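need coordinates for the following:
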Amino acid sequence: MGFPGTWMTESGSVLYRVVPKCACSTIGQILYHSDHGRFYEGDIHDATEGLHKWAQAASQPVIEAAVRDRSAPAFTCVRNPYTRLLSSFFDKVCGIQRNGNRYRGNLVPLLIQKYGIEVGGPDGKEAFDQIRSFRRFLLFVRDTIRWRRPMEPDIHWSAMSGHVGTFIANGGRYDSIFWTEDFNTGMQAVLDRIAPPVPVDLAQIPRFNESEGHGPKRAHPVEAYFDDLSMHLVYEIYKRDFQLFRYDFENPANKLPVGEIDLDEVHAKLGD
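Numbering: from 1, shown residues only. Sure, this is the predicted structure:
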């Protein structure tokens, strides 16, 4: 199976397991900058040079050797499941993507037909009942993850523990896992460990939010979208994410973690 979703700097200074909707655009640009002293022009996910990526055949033996030999520290970044799911809904379902089209072509028509959701009209800018539509989207997410229908789970809303776990199950080991909610602290610790070829000043790094502006603005606080049933569904889907990454399931209004991540526990529970 290898190491899908894994990126590595060309200098071999560090390995990064991408978790969608968890600051991955910003992290990718930081890694690119740490080798080249400049940012990639465009969306870092489209880059085919300047970073090793598992999706590029030529990079696979290089990444595999680095993981096997532990020649580079490995890290990833996680996010509160409540806010990550909302971000996926407004960006991928309600938003128009950077290519001018809807995400995954037939996804939105299917959601409108089978789940009765609204997305804000053709351009995502019309007013609609965001809470009702999001809760219907949540039923769709549950169906894809639990029964893999009407389609396979999408990487943007499948559990973070699934993404994180593939790296472990195939022989990798993380040196750090940090939270998007405390991004600078976690990313600085990674940079301090690797001493990149080009020094990175995090205070000067912009946030590369490639999804910003794709869809409608969230009209309500996070907790308004989650009633008791919604919280039950979220916990059913993301129980491991809440437990391993120490997020507060009981209070959707609290996006901050409530404890420290135990790397040994993460490796033990996701390594099977």
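
for the nearest residue to residue 71 once chain neighbours are set aside, what are its contacts?
Spatial nearest neighbour of residue 71, chain neighbours left out: residue 12 (6.4 Å); criterion: C-beta to C-beta, 6 or more residues apart in numbering. For every residue, glycine as well, the C-beta is placed using N, CA and C. With contact set as C-beta atoms under 8 Å, 6 or more residues apart in numbering, residue 12 has these partners: 62, 66, 71-72.

drop anything exposed from these.
Buried subset of the contacts of residue 12 (neighbour count, 16 or more other C-beta atoms under 10 Å): 66, 72.

restricted to helices, list the contacts of residue 12.
62, 66 (DSSP state H).

which one of the contacts of residue 12 is nearest residue 194?
residue 72 (7.6 Å; C-beta to C-beta).

verify the stated contact: residue 81 with residue 243.
No: if you go by C-beta atoms under 8 Å, residue 81 and residue 243 don't touch, sitting 10.8 Å apart.

who has more neighbours, the two?
residue 81 (25 against 15; other C-beta atoms under 10 Å).

distance of the nearest residue to the more buried one once chain neighbours are set aside from residue 30?
Distances taken as C-beta to C-beta, 6+ apart put residue 238 closest to residue 81, at 4.1 Å, once the chain neighbours are dropped. To residue 30, residue 238 is 27 Å away according to C-beta to C-beta, to the nearest Å.

what does the average pLDDT come to for the one helix or strand residue 8 maps to?
Taking DSSP states H and E as the definition, residue 8 sits inside strand 6-9. Here strand 6-9 scores 98 as its mean pLDDT.

give the rounded mean pLDDT of the very next helix or strand once past that strand.
The first helix or strand that comes after strand 6-9 along the chain, using DSSP H and E, is strand 15-17. For strand 15-17, the mean pLDDT works out to 98.

any idea how far strand 15-17 is from the chain center?
The chain centre lies 12 Å from the centre of strand 15-17; the measure is C-alpha atoms, centre = their mean, to the nearest Å.

can you list contacts of that strand?
3, 5-8, 27-28, 31, 63, 66-67, 72-76, 163-164, 166-167, 172, 174.

note down every partner strand of that strand and its orientation.
Each strand that pairs with strand 15-17, with its direction, by DSSP bridges: strand 6-9 (antiparallel), strand 74-78 (parallel).

rebuild those as a markdown table, extending it with distance to residue 180 and mean neighbour count.
As requested, the strands paired with strand 15-17 are exported to a markdown table (distance: least, C-beta to C-beta, whole Å; neighbours: other C-beta atoms under 10 Å):
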| stretch | distance to residue 180 | mean neighbour count |
| --- | --- | --- |
| strand 6-9 | 17 | 25 |
| strand 74-78 | 6 | 24 |
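
wait, which of those strands is closest to residue 253?
Among those, strand 74-78 sits nearest to residue 253 (C-beta to C-beta), with 18.8 Å.

chain center to the closest one: distance?
The answer for strand 74-78 is 10 Å, by C-alpha atoms, centre = their mean.
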